[in-house]
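**Q** Predicted model, plus sequence, below.
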Amino acid sequence: MIIPHEIIEEIKFRNDIETVIGSFVNLKRSGANAKGLCPFHSEKTPSFHVYLANQSFYCFGCGASGDVITFTMKMENLDYMSAVRLLASRSGVSLPEGTERVSSKEVGRQRILDMNKAAAKFFHNCLLDEELGKPGREYIVKNRGLSQSVIKHFGIGYAPKDFGALHKHLRSLGFTDEEMITGFLCARSQKNNSVYDVYRERVMFPIIDVTGNVIAFGGRRIDGIKENKYINTNDTPAFKKSKNLFALNFAKNNANDFMILCEGYMDVIALHASGFENAVATLGTAITPEQARMFARYTKKVIISYDNDEPGQKAADKAFKLLQEVGIDVRILKSDGEGVKDPDEYIKKYGKEKFTALLNNSKSKFEFEQERILSGYNLTNMDDKVKALKELCQAISNYPSEVERELYARKIATQFEIPVESVNRDVNSIIKRRNSAQKKKETAEIYRKTSMIGDRINRESASNVNGNKIEEAILGMMMLFPQHLEICVKQLSANDFVTSLSKRIFESICAVYKECNKFDIGYIQNDFSVDEISRISKMIIERQQLSLNDDKTLQDLISSLKDVANKKEDSTSLDSILRAINNKKPK
């Protein structure tokens, strides 16, 4: 084992799951447990449950489950050992020296963090170098007007023209070619197999997470060519684009009133330089549901400040929808300046005070949509008037709040001098059609899940649905009840299980039992991915909710599993087995 089991138990004991999850999720007590909106997928009705008795969580919406370590892994985008270290540090638990056998995956993440730190220093020093950094300084100081204090604050750097400057530097520090390639700092040539720097002749922006680690980079061309204007780090063991925001490490401390969502690094830097230190940006992609939930952790209001061009406005529409789904009050900044398309240009031309006025007068999504729709039609023309009304009804239908829809419907009815009932009727008709389509989609999804089609975690389950259900029931009983654990270890072997995942789980449970004479999910988390741990936790929680967990039930399940494993005719499902057992019980 990597860390003694008693240390894992102490870490979990000191990090109460309700307290840890409560720092991210607004939990409400429900009997002996707690529930709230899931932080791992967008939802409006709470399906995320925290079980206080056994210190676990489970989401009935997306299937995420586990203990406090699993939650920390998923929430903080950490591997197992990093999550354990973080929780140990928070709770004052010392990890004994010499007990950490680090996995190759974990080495990759930590090495990449160390390598990124070294690369960030290299890029920054290149920018400050009188000769090497001259092109970079020309762009960010003369063209963009950044001060030395701002450059230092954000750790901005410059990647020189040399194809191998960074590669040579990192090799001198002991980093390998494969580590550099994995970290997206270098790439391998298909022509001659040589390794070269990914970033060349670019201003470099380090991406820093909320704990201060340099997790990635964004590199901007400075030669005026629009093709490949930015290169951003691909996903690595230390970085996921969809789960991070540029400058969040600074903005999180200034987010009480609201946050500003920008499109690019320079917009964010310009805003911070002007005193708007609550600005952030996505990392070369449109906003994701994970990023929307990150905003919800720090603020209740977001003002979207995207470019005024068509792509910018389409991106704003998507951002509004995702942010609204997580309960954020979303506003859109409407620029009234001529010849400017982003916050950086606006502040330079009109100043900080006028930009502050823009923020204060930011519009609701409907006001913004209404202006856009009406500007595209000649309202003196009857056909255009009808088309505009149809678009407005479609826009109103997208708002989940009935009160909001009623207010907007009245506003439109007054403006077009028509009965509000007519507007509401069209809006409700659109909603009804959409709900019908969604219901069909959900029904198809339920069928897909119950038939195990598309199971990403255990792909073999679809080939033997009944066998997989039986083995998951047995594993759940093993992990939940010590007396069943002893029986299964004696009567079963890994070859009795029909899927590779279940075989691995069984072998891990047995290894823990032989060493500790008991079981806890925390002991095996380093052997499985975070999604696999969620599946394992689900097995435990599903057994907890069933009353049939006696010895007779277990023996029937073991017998059925052996029949399946021996390729005998499997004509009975888990459900029918349990029903038969239940029917035999005296009433």
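**A** Structure's in. What do you need? Numbers count the residues shown, from 1 in each chain.
**Q** Need the pLDDT of K503.
**A** K503 carries a pLDDT value of 93.
**Q** same question, A316
**A** On pLDDT, A316 comes in at 85.
**Q** for the one helix or strand it maps to, the distance to its chain's centre please.
**A** Taking DSSP states H and E as the definition, one finds A316 inside helix 310-325. Helix 310-325 has its average C-alpha position 18 Å from the chain's average C-alpha position, going by Cα atoms, centre = their mean, to the nearest Å.
**Q** Quick one: list the elements packing against it.
**A** Applying 3 or more Cβ pairs under 8 Å, 6 or more residues apart in numbering; DSSP states H and E, one finds that helix 310-325 contacts helix 289-298, strand 301-305, strand 329-332, helix 365-375. C-beta here means a position set from N, CA and C on the backbone, and glycine is covered the same way.
**Q** The nearest residue to P419 once chain neighbours are set aside: neighbour count?
**A** Nearest residue to P419, sequence neighbours excluded (Cβ to Cβ, 6 or more residues apart in numbering): A413, at 6.4 Å. The tally of other residues near A413 (other Cβ atoms under 10 Å) stands at 17.
**Q** again, but for E18
**A** 18.
**Q** For it, which residues are in contact?
**A** Listed by Cβ atoms under 8 Å, 6 or more residues apart in numbering, the contact partners of E18 are 27, 34, 50, 52.
**Q** and which of those residues is nearest E277?
**A** E277 lies nearest to L27 out of the contacts of E18, by Cβ to Cβ, at 30.0 Å.
**Q** Look up phi and psi at N26.
**A** Backbone dihedrals for N26, given as degrees, to the nearest 10, come out at phi -80, psi 100.
**Q** Show the pLDDT at the closest residue to it other than its chain neighbours.
**A** For N26, ignoring the flanking residues on the chain, the nearest one in space by Cβ to Cβ, 6+ apart is G36 at 5.3 Å. For G36, the model assigns a pLDDT of 91.
**Q** you'd agree G36 is up against R29?
**A** No - between G36 and R29 there is no contact under Cβ atoms under 8 Å: 10.4 Å.
**Q** just so I know, which of the helices and strands packed on helix 310-325 lies nearest L358?
**A** If you check each of these against L358 by Cβ to Cβ, strand 301-305 wins as the nearest, at 8.5 Å.
**Q** Could you pull out the buried residues of the closest one?
**A** 301-305 (16 or more other Cβ atoms under 10 Å).
**Q** got it, and stretch 555-571?
**A** Result for stretch 555-571 [16+ other Cβ under 10 Å]: buried residues 556-558, 560-561, 563-565, 570.
**Q** Show residues contacting that stretch.
**A** Counting by Cβ under 8 Å, 6+ apart, 464, 466-467, 470-471, 473-474, 477, 487-488, 491-492, 495-498, 572, 574, 577, 581 sit against stretch 555-571.
**Q** Give me the buried entries from those residues.
**A** By 16+ other Cβ under 10 Å, the contacts of stretch 555-571 give 464, 466-467, 470-471, 473-474, 477, 487-488, 492, 496-498, 572, 574, 577 as buried.
**Q** Where does T553 fall, secondary structure wise?
**A** helix 551-565.
**Q** Distance from that helix to the middle of the chain?
**A** Distance of helix 551-565 from the chain centroid (Cα atoms, centre = their mean) equals 39 Å.
**Q** what helix or strand is P206 on?
**A** Using DSSP H and E, P206 maps to strand 202-208.
**Q** Show me the contact partners of that strand.
**A** Against strand 202-208 from outside (Cβ under 8 Å, 6+ apart): 116, 120, 123, 127, 136, 139-140, 154-159, 214-222, 231, 233, 239, 244, 246, 249, 265, 269, 283.
**Q** Mind doing that once more with 7 Å?
**A** 120, 123, 136, 139-140, 154-159, 214-222, 231, 244, 246, 249, 265, 283 (Cβ atoms under 7 Å, 6 or more residues apart in numbering).
**Q** cool, and stretch 538-549?
**A** 56, 58, 63, 65, 472-473, 475-477, 479-481, 578, 581-582.
**Q** Just give me the closest of the residues you listed to F40.
**A** Relative to F40, the closest of those is G63; by Cβ to Cβ it sits at 9.2 Å.
**Q** mind listing the helices for the stretch 1-150 of the chain?
**A** 5-14, 17-22, 68-76, 80-91, 104-128, 134-137, 148-154 (DSSP state H, counting those that start in this stretch).
**Q** List the buried residues of the shortest one.
**A** Burial within helix 134-137, assessed by neighbour count using 16+ other Cβ under 10 Å, is assigned to 135-137.
**Q** quick one: buried residues of stretch 506-518?
**A** 506, 508-510, 512-513.
**Q** now, which of those sits nearest I7?
**A** When those are compared against I7 (criterion: Cβ to Cβ), the nearest one is V512, at 14.4 Å.
**Q** The helix or strand hosting that closest one to helix 551-565, inter-axis angle?
**A** Taking DSSP H and E as the criterion, V512 maps to helix 500-516. If you take axes from the mean of the first three to the mean of the last three Cα atoms, to 10 degrees, helix 500-516 sits at 130 degrees to helix 551-565.
**Q** got the contact list for helix 500-516?
**A** Residues contacting helix 500-516 (Cβ under 7 Å, 6+ apart): 5, 458, 460, 471-472, 475, 478-479, 485, 489, 494, 497, 519, 523-524, 527, 532, 536.
**Q** Off-centre distance for that helix?
**A** Centre-to-centre, helix 500-516 and its host chain are 30 Å apart (Cα atoms, centre = their mean).
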